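# Starting from these lines, generate the structure:
(chains A, B, C and D)
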Protein chains: 2
Amino acid sequence: MLASGRGDAYCGSRYRECGLRVLLIEDDAVLGEAVRDFVAGLGHAVDWMQTLDDGRTAARAVDYDLILLDLRLPDGRGLTLLTELRRTGAVTPVIILTAHDQISDRIEGLNSGADDYLVKPFNLGELGARMLAVARRYAGSSLPVLEAGNLTIQLADRRVLREGDPVDLSGREWAVLARLANRPDAIVSKGEIEEALYAFGSEIESNTVEVYVSRLRKKLGKDCVETLRGIGYRLGR
Amino acid sequence: MLASGRGDAYCGSRYRECGLRVLLIEDDAVLGEAVRDFVAGLGHAVDWMQTLDDGRTAARAVDYDLILLDLRLPDGRGLTLLTELRRTGAVTPVIILTAHDQISDRIEGLNSGADDYLVKPFNLGELGARMLAVARRYAGSSLPVLEAGNLTIQLADRRVLREGDPVDLSGREWAVLARLANRPDAIVSKGEIEEALYAFGSEIESNTVEVYVSRLRKKLGKDCVETLRGIGYRLGR
DNA sequence: GGCAAGCTGACAGCCGGCTGAACGAGGCTG
DNA sequence: CAGCCTCGTTCAGCCGGCTGTCAGCTTGCC
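Next up, the predicted model:
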């Protein structure tokens, strides 16, 4: 739950090529934390701001790949920021997060240059999917297709091929694999993988991660994931 | 539309050939209702406005795929709106609906950038045909025929072939399929499919999407649609 | 050998998705 | 007009796969 620290840390530059740099502007503490952890869990670097003002500052300072923008903020309307950004020529993709009853805002948002919107309460999985969709739209087809051993991992399409044959993965299985694939050469600790699995707070006290690694190995082959005893896991090669 | 360059880039293609997003501007209650129901029945999402002003607002707010525009409205001439739209660079196809004695308007309309016109009272079937023609013209040659598994999906013609044999789909069935076929590799959430099915605001709280997926599978084969638990659907392959 | 860390098969509960059935609206036919 | 059909929508019950947990096993390290 210290994710905010972590987020800032690798926003810097080092991991730029892998995960996206995401700015989350959302005042609701619970939702904000959930989204931050979930998105961080996907391997992206998240900065979470709770006010329009902080959001504006951040958006000006850093060249984000994606902005998640709540429309109703304590110190103003999210749309204001969006319009400002667009007026200054920023093309950063923006996904709007909006309450269920704000249809007009939604329309206005799209009209002001937002790229997509999600209605609260939303499914985190759907958030992930839309983020990918938006990112892909921008990156063209350049989103990573990763070759690892006899695996082809298509992050953007949520697909894995084993020696060319598609393999079905469940949600959690994919989450684990994607977490590893997001930073192919990095060692990822169990704790970090857990964060990717359980977005918010849920204290899981068992060997879930091990179980999913095991399931992945069964489906994808022994070597798809490498174990580093006492440290974590890494994508096989 | 107003969503400016970037918006067009994806909005245009996003909903293109599926259930189209149609804006109907028509003050006559009887005709308006008839057209709305007919067009909705084809599987498109229709917003119906009865005044020029509302129409203008809607057209600015939402990136429609097609506008059906009555020329004689209580609060002004439809042509005004058309010219405005074209002046701001909107390329949304517009079909003009006009009474038979307004020949000059018709000509002026075509000159102002309308794509086609229909003379009242018109045959609804003809309206359907012209809509298809216009939409096809816009889709260009870029996405006519899609091969997916043993299916051939002819988006522009609103036809599906299963192993070469044409299959009859109802309006909604087609809308769902087309929404998926529109972005063949993308994962489409239930929410997004619903959006393609219903106009803004109609809150549908049931498993409609599941039902239509089920019916599609019955007609087109188990694998025509892939389920991604908790995330959405994707066209089979 | 002994200990810690990691692996994996089994299992029960659950949730999401699937689907048959029913109903009303509307259109068409005779 | 009655009868028939199709389509859209809703609902309830079913089903299967996903998931978390645990126990017993293997592996690696000292």
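
# give the contact list for A:Ala59.
Each residue near A:Ala59 by CB atoms under 8 Å, 6 or more residues apart in numbering or on different chains is listed here: A:Leu23, A:Ile67, A:Leu81, A:Leu85, A:Ala90, A:Thr92. For the C-beta atoms, the positions are set from N, CA and C on the backbone; glycine is no exception.

# Can you tell me how far it is from DNA strand C?
Counting by CB to the nearest atom of the strand, to the nearest Å, the gap from A:Ala59 to DNA strand C is 34 Å.

# could I have the helix or strand containing that residue exported to CSV, CA atoms only?
For A:Ala59, the host element (DSSP states H and E) is helix A:52-61. Taking C-alpha atoms only, helix A:52-61 is exported to CSV below (Å, rounded to 0.1, in the frame of the first residue of the first chain):
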residue,chain,number,x,y,z
LEU,A,52,-7.5,19.4,-9.6
ASP,A,53,-4.7,21.7,-8.7
ASP,A,54,-2.2,18.9,-8.0
GLY,A,55,-3.3,17.1,-11.1
ARG,A,56,-2.7,20.2,-13.2
THR,A,57,0.8,20.7,-11.7
ALA,A,58,1.7,17.1,-12.3
ALA,A,59,0.3,17.0,-15.9
ARG,A,60,2.4,20.1,-16.7
ALA,A,61,5.5,18.7,-15.2
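
# C-terminal to it, which secondary structure element comes first?
That would be, after helix A:52-61 and using DSSP H and E, strand A:66-70.

# before we move on, the earlier item: of all the contacts of A:Ala59, the one with the weakest confidence?
On pLDDT alone, A:Ala90 ranks lowest of the contacts of A:Ala59, at 79.

# I'd guess that residue is in a strand, am I close?
No - using DSSP: H, G, I helix; E, B strand; the rest coil, the assignment for A:Ala90 is coil, not a strand.

# how many other residues sit next to it?
17 (other CB atoms under 10 Å in any protein chain shown).

# ok, now A:Arg237?
Using other CB under 10 Å, A:Arg237 is surrounded by 12 other residues.

# ok, now which ones touch it?
Here A:Arg237 is in contact with A:Ala148, A:Gly149, A:Glu226 (CB under 8 Å, 6+ apart).

# Let me know the angle separating the helix holding A:Ala59 from strand A:66-70.
170 degrees (axes from the mean of the first three to the mean of the last three CA atoms, to 10 degrees).

# list the buried ones in helix A:52-61?
By 16 or more other CB atoms under 10 Å in any protein chain shown, the buried positions in helix A:52-61 come out as A:Leu52, A:Asp54, A:Gly55, A:Arg56, A:Ala58, A:Ala59.

# What segments of chain A are strands?
In chain A, strands defined by DSSP state E lie at A:21-25, A:45-49, A:66-70, A:72-73, A:76-77, A:94-98, A:116-119, A:145-148, A:151-154, A:159-162, A:165-166, A:225-228, A:232-235, listed in chain order.

# Now list the buried members of the contacts of A:Arg237.
The neighbour count (16+ other CB under 10 Å) marks A:Ala148 as buried among the contacts of A:Arg237.

# Take the contacts of A:Arg237 and lay them out in a markdown table including pLDDT and distance to DNA strand C.
As requested, the contacts of A:Arg237 are arranged in a markdown table below (pLDDT from 0 to 100; distance: CB to the nearest atom of the strand, whole Å):
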| residue | pLDDT | distance to DNA strand C |
| --- | --- | --- |
| A:Ala148 | 86 | 17 |
| A:Gly149 | 88 | 16 |
| A:Glu226 | 95 | 8 |
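
# now, among the contacts of A:Arg237, which is nearest to B:Asp185?
Nearest to B:Asp185 among the contacts of A:Arg237, counting by CB to CB, is A:Ala148 at 20.4 Å.

# what are the bridge partners for A:Leu97, then?
For A:Leu97, the beta-bridge partners under DSSP bridges are A:Asp70, A:Leu118.

# give me every residue that touches it.
Residues in contact with A:Leu97 (CB under 8 Å, 6+ apart) are A:Glu26, A:Leu31, A:Val35, A:Leu68, A:Leu69, A:Asp70, A:Leu71, A:Tyr117, A:Leu118, A:Lys120, A:Phe122.

# With pLDDT, distance to DNA strand D and neighbour count added, can I get the residues you listed in TSV?
Output for the contacts of A:Leu97, formatted as TSV (pLDDT from 0 to 100; distance: CB to the nearest atom of the strand, whole Å; neighbours: other CB atoms under 10 Å in any protein chain shown):
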residue	pLDDT	distance to DNA strand D	neighbour count
A:Glu26	93	24	26
A:Leu31	85	20	17
A:Val35	86	18	25
A:Leu68	94	23	25
A:Leu69	93	28	25
A:Asp70	91	27	24
A:Leu71	87	27	24
A:Tyr117	78	23	20
A:Leu118	80	20	20
A:Lys120	76	22	16
A:Phe122	76	17	18
